[in-house]
Structure formats: C-alpha cells, structure tokens
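*Asks:* What follows is a predicted protein model with its sequence.
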Amino acid sequence: MSSDSYTQDDPRIRPIAPSRYPWTPLSPSSSADDVVKVSLILTSAVIAPTNMLTSFDTGEEKTELPCHAVLIEKGDEAMLFDLGLREDAENFPEPMHHTLLKIMGTRSAPGPIKTLQREKYNLDRLKSVIISHKHFDHCGDIDTLPLSDRPIILGPGSLQSIGPGYPKDPKGQWHSEWFDKYRFVELPSTDHKGEWSGEVTTVIPCSGQRRWERVGCFDNGLDWFGDGSFWLIDAPGHCAGHVMALCRVTAQPDTYVLLAGDAAHHQNMYLPIPTSECDLRSPKPVIDGKVMFAEDPVQATYVIGQLTRMSIEDNVMVLLAHEKEAIGVVDYFPEDICRWKEKGWKEEKQKNVLEDAIKRAQI
Ligand SMILES: [Zn+2]
C-alpha cells in the first residue's frame, strides 16, 4: 500500500466510530496485589514540525515533544517500557544524521538509566526492557543499559523491519553492535493463535498460558503477569511491531493507564469529542499527499480509534509517549502516576485540547 496515494479527506483514513469496535470487558482484579506501579521518566526532547503531528492548526510551526520512558514495577521486580531519546544525539548511527535528524531537532537530557541511578534506584530489580517500537526516540541509550543479559522485548515483526543495523546495512537506524551485545526477544506473530512456546516464554513471568487474547477493544493482548495487571497490546500501523501497554494501576476500584506509544502524536488525534454533526477528531495528517508517521495508514487509523474507545472508559487514562500536555499535570519519577483518577489528571491534561476542539465546532 503506497502512503502517497491518500488525500486529507480520504474515507479510508477517517476516524472509526467507537461503537464499531468489539469489546471484551477488562477482567476485575481479585486482590489488591493485581496491579503494577507506573512512573514516568522524561528523557531528551524531540523538536518536530507541528504539521507532522496533527492536521489541526495548533498555532505552532514547531513543537517540542517530551519522550517518555516508563518504569513499571511489581513487587521486587521492575521493567522499563521504552527508553526515550538518547542523551548523546551525536552518537546516533550515521544514516540518522542525514535523514530524520535533518528534519527534527533534539534537546538533550539524561536517559532513564541515568535518572534511576541519580535516585539511587537498585538496577538489579530491572528484569527486562520493552521497546514499544524501533524508532530512534524510543530505543534511547540502549548502550547505557547496565545489565546486558536482561532481555529486550520487541513486538511482532520488529527484527525483520530493523534489519542488521548500521554499518551492516548502510541505511540502518540501529547500531549493528547492539545485536551482538544484547538479547532481543520478539513476540510471536498475531497469526499464531495457540499457546506460545520457545524462548519468548522464558522471559514472560506469567505462570499460565502465554498467548494472544482479546482485551477491551483490542484483538491481541498478552497478559504479562497472568493477573490482568499488565497487558502488552499489539498495535501496528505506526510501524511494524508497534506495541502498547495497558496497566492496571489501582485495584478495587480498578483503574488503568494505557501507554499508547506512538499510536498518535497529539491528543487531538484521539480524544473522544462530544458527538456533533461532524466528527472533530483529526484523521491521520496528510501533507502534500504523504501520510505522516504511519507505515500503514488504514491500520494506524483503526488503532487511533481504539485509543478513543479506551479513553471513553472512565477508569482508563490514555497517555501517548510524546503527550506534551502531561508535563505540568502529572507527577514524574520518583513519584508515580497510579492515582491519576483521584487527582483528576485525565481531565486536566485534555482540558485545553478539548476546549480548542469545541471552539472549532462552533466556528
Ligand atoms: Zn516517537
């Protein structure tokens, strides 16, 4: 499918009504332990042309986006979901300097490992790293990971799309040496409907079956701990292997955070807007016939609709990897974001975006 064959109002990339998504209820927690603790860590920021992020006019030519890494803790064990943007941009593989980094700027800040070390966090607790997808602003300072034996988990099809890295691939966006140094483990294809076997089962702590299952409006989720507290969600479209994470952060009442990676890059792409004559949510931005940030625009549009569907749930807060409205609203590590509902953060971070959309509806 060619990404240059779309127009801004192409019906194939219009938002899908939330009511059209199938729904599998989120199973209730059975004890207060059926949760994970989620903490956000800011890394270097990326500065991108705004019209790559949203087709709505936000009044800004360029937007500085935070790149979030996320610490997930359960009992004595921890993992990182995404590593953000690396601190030393000069050490990106050479081809990056001639492609994406010509369009996007960066503002340097410490990576998650440095931040954890600064807070004297015991890095032995880190059992694995999950990378939502292959892009440069999510794999961060892989080089700084202190425990090279800990698995780095990737979504289905990631390794093939990453290739052997640079310099083995002259256009590679990863360093070839990472493949020698680290243990990458890829989740099975979603075509595999049965129970999983092989190496992947050794890195997933759940003691029961490991398989893709339906959860919420998602067709393929992996119940990481087997208690419904942390689901890895297959969500391609932005790129091959893109995964999200649905985290139960409080039990009884159960509340969730959906770490949505790069399924969208601005809240106005997914926020459920009060029903009106026309749907105000933005379709994928299409600039000069080119779809931005979506290898498969139809699939990406479907996933954005899933964010909308999840966001309609009172007990779910969606959070994009680059959601800039989170800054100044939510707490950052060493604090956690588990009490978001009590603190009203969902409403607070979407307030201005929603007001803007409603104003637009009245024009
Ligand atoms: Zn990104």
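*Replies:* The structure has been received and is ready for your questions. Numbering: from 1, shown residues only.
*Asks:* Which strand or helix spans M244?
*Replies:* strand 243-250 (DSSP states H and E).
*Asks:* Show me what that strand is packed against.
*Replies:* Secondary-structure packing of strand 243-250 (3 or more Cβ pairs under 8 Å, 6 or more residues apart in numbering; DSSP states H and E): strand 37-42, strand 68-74, strand 230-234, strand 255-259. All C-beta atoms are positioned from the backbone trio N, CA, C, and that covers glycine.
*Asks:* Residues contacting stretch 209-220, please?
*Replies:* 21-26, 188, 190, 192-196, 200-201, 204, 221-223, 231, 233-235, 246, 306, 309-310, 313, 316 (Cβ atoms under 8 Å, 6 or more residues apart in numbering).
*Asks:* For ChimeraX, write the selection for the buried entries among these.
*Replies:* Remark: buried members of those, expressed as a ChimeraX selection using 16 or more other Cβ atoms under 10 Å:
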select :21,26,188,196,200,204,221,222,223,231,233,234,235,246,306,309,310,313,316
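*Asks:* Of the contacts of stretch 209-220, which belong to helices?
*Replies:* V200, T201, Q306, R309, M310 (DSSP state H).
*Asks:* Of the residues you listed, which is the nearest to the ion?
*Replies:* The ion lies nearest to Q306 out of the ones in helices among the contacts of stretch 209-220, by Cβ to the ion, at 17.9 Å.
*Asks:* Mind jotting down where the helices sit in the protein?
*Replies:* 94-98, 100-103, 112-118, 136-139, 158-162, 177-181, 200-203, 297-312, 340-343, 345-362.
*Asks:* And those: which comes nearest D34?
*Replies:* Closest approach to D34 among those (Cβ to Cβ): helix 340-343, 16.7 Å.
*Asks:* Quick check: mean pLDDT of the closest one?
*Replies:* Confidence for helix 340-343, expressed as mean pLDDT, is 98.
*Asks:* which residues of the protein score low on pLDDT?
*Replies:* 1-4, 8, 274-290, 360-363 (pLDDT under 70).
*Asks:* Return the residues of it in contact with the ion.
*Replies:* Counting by Cβ under 5 Å from the ion, the positions of the chain adjacent to the ion are D137, D262.
*Asks:* How about the stretch 101-250 of the chain: which residue is closest to the ion?
*Replies:* Counting by Cβ to the ion, the stretch 101-250 of the chain gets nearest the ion through D137, at 4.2 Å.
*Asks:* neighbours of the closest residue to that residue other than its chain neighbours, just the number please.
*Replies:* Spatial nearest neighbour of D137, excluding adjacent residues (Cβ to Cβ, 6 or more residues apart in numbering): L85 at 4.3 Å. Here the number of neighbours of L85 (other Cβ atoms under 10 Å) works out to 30.
*Asks:* show me the contacts for L85.
*Replies:* T43, S44, A45, V46, C67, T106, F136, D137, H138, G140.
*Asks:* sorry, back to before: from the chain's centre, how far out is the strand holding M244? Work that out for me.
*Replies:* Relative to its parent chain, strand 243-250 has a centroid offset of 11 Å by Cα atoms, centre = their mean, to the nearest Å.
*Asks:* Can you give me the neighbour number for the closest residue to L80 other than its chain neighbours?
*Replies:* Excluding the flanking residues, the one nearest L80 by Cβ to Cβ, 6+ apart is V129, at 4.8 Å. V129 is flanked by 25 other residues according to other Cβ under 10 Å.
*Asks:* now swap in the one 10 residues further on and tell me
*Replies:* The number of residues packed near C139 is 24, by other Cβ under 10 Å.
*Asks:* My read is that it contacts W174, right?
*Replies:* Yes - the pair C139 / W174 is scored as a contact, 6.9 Å apart, by Cβ atoms under 8 Å.
*Asks:* What's opposite M79 in the beta bridge?
*Replies:* I72, S128 (DSSP bridges).
*Asks:* mind listing what it touches?
*Replies:* L71, I72, L126, K127, S128, V129, I130.
*Asks:* And the fifth one, how far from T106?
*Replies:* It refers to S128. Distance, S128 to T106, by Cβ to Cβ, to the nearest Å: 27 Å.
*Asks:* what do you get for the last one?
*Replies:* Applying Cβ to Cβ, the value for I130 to T106 is 23 Å.
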